[in-house]
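*Asks:* Fold the following.
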Amino acid sequence: MNVHIVLKKNVAANPATKQEVLNRLAALGMTAINQQRLERYGIVSGDLPEEQLDALQNVGGIEAFRRDGTKHASNPSRRPDLGPNPTEGDEFFQRLSEGAKRAYE
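*Replies:* Below you'll find the predicted structure:
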């Protein structure tokens, strides 16, 4: 299942801390991470087994996460979709930086 994970700003800015979080996500089985989105916006997008979604809450350094409508991040047939367009009242959307919000427009 494709998920989008917003890293805390201090984690995204520190390469060592960011790598620790990525290692924990890899241990949960996360694959196909979009490196460009990670570097540009501090958002980890990739495939994670559905049974590991609850475990994300125990990974430090994560601000918010959301499941995507696509089954696999590596699916090139369509643009990743967050489901309904995020709105100002959406908790996930509120935590995104302005640059990251533009990525979903």
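
*Asks:* pLDDT averaged over the helix or strand where Val6 lies - what is it?
*Replies:* Element membership for Val6 (DSSP states H and E) is strand 2-7. For strand 2-7, mean pLDDT is 92.

*Asks:* Send me stretch 57-65 as CSV with only the CA atoms.
*Replies:* Extracted in CSV, the C-alpha atoms of stretch 57-65 (Å, rounded to 0.1, in the frame of the first residue of the first chain):
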residue,chain,number,x,y,z
GLN,A,57,2.6,5.6,15.1
ASN,A,58,5.5,4.2,17.1
VAL,A,59,8.2,5.5,14.8
GLY,A,60,9.7,8.7,16.1
GLY,A,61,10.3,11.7,13.9
ILE,A,62,7.0,11.4,12.0
GLU,A,63,4.6,14.4,12.0
ALA,A,64,1.7,12.7,10.1
PHE,A,65,1.0,10.0,7.6
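
*Asks:* what's the straight distance from one end of stretch 50-62 to the other?
*Replies:* 17 Å (Cα to Cα, to the nearest Å).

*Asks:* What mean pLDDT does that stretch get?
*Replies:* Stretch 50-62 comes out at a mean pLDDT of 90.

*Asks:* So what touches that stretch?
*Replies:* Residues outside stretch 50-62 that contact it (Cβ atoms under 8 Å, 6 or more residues apart in numbering): 1, 3, 5-8, 11, 17-18, 20-21, 24-25, 28-30, 48, 65, 67. Every C-beta, even on glycine, is put in place using the N, C-alpha and C of the backbone.

*Asks:* Tell me which residues of that stretch come out buried.
*Replies:* Neighbour-count burial for stretch 50-62 flags 52, 56, 59, 61-62 (criterion: 16 or more other Cβ atoms under 10 Å).

*Asks:* which residues of this protein fall in strands?
*Replies:* For the chain, the strands defined by DSSP state E cover 2-7, 43-47, 62-67.
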